[in-house]
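>>> Sequence and predicted structure are below.
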Amino acid sequence: MNFRVHPFFALFWSLTASAGAAPLVAIDVGHGIVDPGAFSARGRSEYEFNRDFAGVLAGTVRARGLGVREVNFDGSVRVLSDRPKLAKGADFFIAIHHDSINTQYLKFWDWDGSEASYTDVKRGFGLFVSERSPDLSTSLRCASSIGAQMRRNGFVPTPWHGRKHLAADAQNGVWYYDNLVVLYRTTLPAVLFEAGVIKHREEELELADPERQARMADALATGIAGCLYVTEKPARE
């Protein structure tokens, strides 16, 4: 599936990539083999959703002329603080996750002969930044850029995070989550992305759809590139 790229970005990405100055994006697959995270309405682990989408995103980011550092793509990283360490030297860090919901909002249904939990009240994407980030201004700028591109591509942020978190840019689905290790135990701008709610039966199917994954990855890659190419960066070591 082909996507239209603004001519300015296409030229800028081409020039910077050929000059060897392309930003490096660390993409972290949330959870792992030992800690698979939440389970979807149909019993699939969050880690599997994270891994699959991160792979699509990595390919799309590379197609934009940016560099990619893969973090936890094999699901082997067990210590949260190791993830920012593995990203050191990159220009931007994004952790890929899929959302669930508090147990009080769950219902139950029969799925494949077993009882499984689901919700029908929460869906949509979300982005988190930490006020404890060593580069909060760039983290916020990139989160808002990603959220705006998501909305332009037809994706809708969930308002549910406003029940527990202060808004950073609610219109674009950006919230503060100060105590997330992967966001504050780092030396670079960092964002955590919740692609959608896998406990929602309809959204779960949408999140697994390859065409929709490609469209979402395009929005993220465009938002990241648009942010990083207007952010003044010191030379990497």
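Arrived safely, thanks for sending.
>>> And the closest residue to residue 71 other than its chain neighbours, what's its pLDDT?
Distance criterion Cβ to Cβ, 6 or more residues apart in numbering; nearest residue to residue 71, sequence neighbours excluded, is residue 28 at 4.0 Å. C-beta here means a position set from N, CA and C on the backbone, and glycine is covered the same way. Residue 28 carries a pLDDT value of 98.
>>> Beta-bridge partners for residue 28, please?
Beta-bridge partners of residue 28, counted by DSSP bridges, are residue 71, residue 95.
>>> Can you verify my assumption that it contacts residue 87?
Yes: between residue 28 and residue 87 there is a contact under Cβ atoms under 8 Å: 6.9 Å.
>>> any shared contact partners between these two?
71, 93 (Cβ atoms under 8 Å, 6 or more residues apart in numbering).
>>> Give the bridge partners for the most centrally placed residue in the chain, please.
Central residue of the chain (Cα atoms, centre = their mean): residue 193, 2.9 Å from the mean position. Counting by DSSP bridges, residue 193 is bridged to residue 96, residue 127.
>>> re the thing from before, and the residue nearest to residue 71, how many neighbours?
Neighbourhood size, residue 28 [other Cβ atoms under 10 Å]: 26.
>>> what's the nearest residue to residue 106 if we skip its chain neighbours?
Excluding the flanking residues, the one nearest residue 106 by Cβ to Cβ, 6+ apart is residue 117, at 4.3 Å.
>>> That neighbour sits in which helix or strand?
strand 114-118 (DSSP states H and E).
>>> Output the contacting helices and strands for that strand.
If you count contacts as 3 or more Cβ pairs under 8 Å, 6 or more residues apart in numbering; DSSP states H and E, strand 114-118 packs onto strand 107-111.
>>> now the residue of the chain most remote from its centre: how far from residue 119?
Here the chain reaches farthest from its C-alpha mean at residue 113, the gap being 32.7 Å by Cα atoms, centre = their mean. Distance, residue 113 to residue 119, using Cβ to Cβ, to the nearest Å: 21 Å.
>>> again, but for residue 48
19 Å.
>>> How about residue 108?
Distance, residue 108 to residue 119, using Cβ to Cβ: 11 Å.
>>> Where does residue 223 fall, secondary structure wise?
Assigned by DSSP H and E, residue 223 falls within helix 210-228.
>>> Any chance you could list what contacts that helix?
1, 3, 5, 9, 13, 23, 25, 52-53, 56-57, 59-61, 63-66, 91-92, 94, 138, 141-142, 145-150, 152-155, 193, 195, 206-207.
>>> Which parts of this structure are helices?
Taking DSSP state H as the test, the helices found in the chain are 7-18, 46-63, 82-87, 136-152, 181-184, 201-207, 210-228.
>>> Let me know which of those helices is the nearest to residue 167.
Closest of the helices of the chain to residue 167 is helix 136-152, at 11.4 Å (criterion: Cβ to Cβ).
>>> What's the mean pLDDT across that closest one?
Per-residue pLDDT over helix 136-152 has a mean of 98.
>>> could I have it exported to PDB, CA atoms only?
In PDB, the C-alpha atoms belonging to helix 136-152 read as follows (Å, rounded to 0.1, in the frame of the first residue of the first chain):
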ATOM      1  CA  LEU A 136      10.800  17.100  28.100                       C
ATOM      2  CA  SER A 137      10.400  19.800  25.500                       C
ATOM      3  CA  THR A 138      11.500  17.600  22.600                       C
ATOM      4  CA  SER A 139       9.500  14.600  24.100                       C
ATOM      5  CA  LEU A 140       6.400  16.800  24.100                       C
ATOM      6  CA  ARG A 141       7.000  18.200  20.600                       C
ATOM      7  CA  CYS A 142       7.400  14.700  19.200                       C
ATOM      8  CA  ALA A 143       4.400  13.200  21.000                       C
ATOM      9  CA  SER A 144       2.200  16.000  19.700                       C
ATOM     10  CA  SER A 145       3.600  15.700  16.200                       C
ATOM     11  CA  ILE A 146       2.800  11.900  16.300                       C
ATOM     12  CA  GLY A 147      -0.600  12.500  17.700                       C
ATOM     13  CA  ALA A 148      -1.500  15.100  15.100                       C
ATOM     14  CA  GLN A 149      -0.400  12.800  12.300                       C
ATOM     15  CA  MET A 150      -2.400  10.000  13.800                       C
ATOM     16  CA  ARG A 151      -5.500  12.200  13.800                       C
ATOM     17  CA  ARG A 152      -4.900  13.400  10.300                       C
END
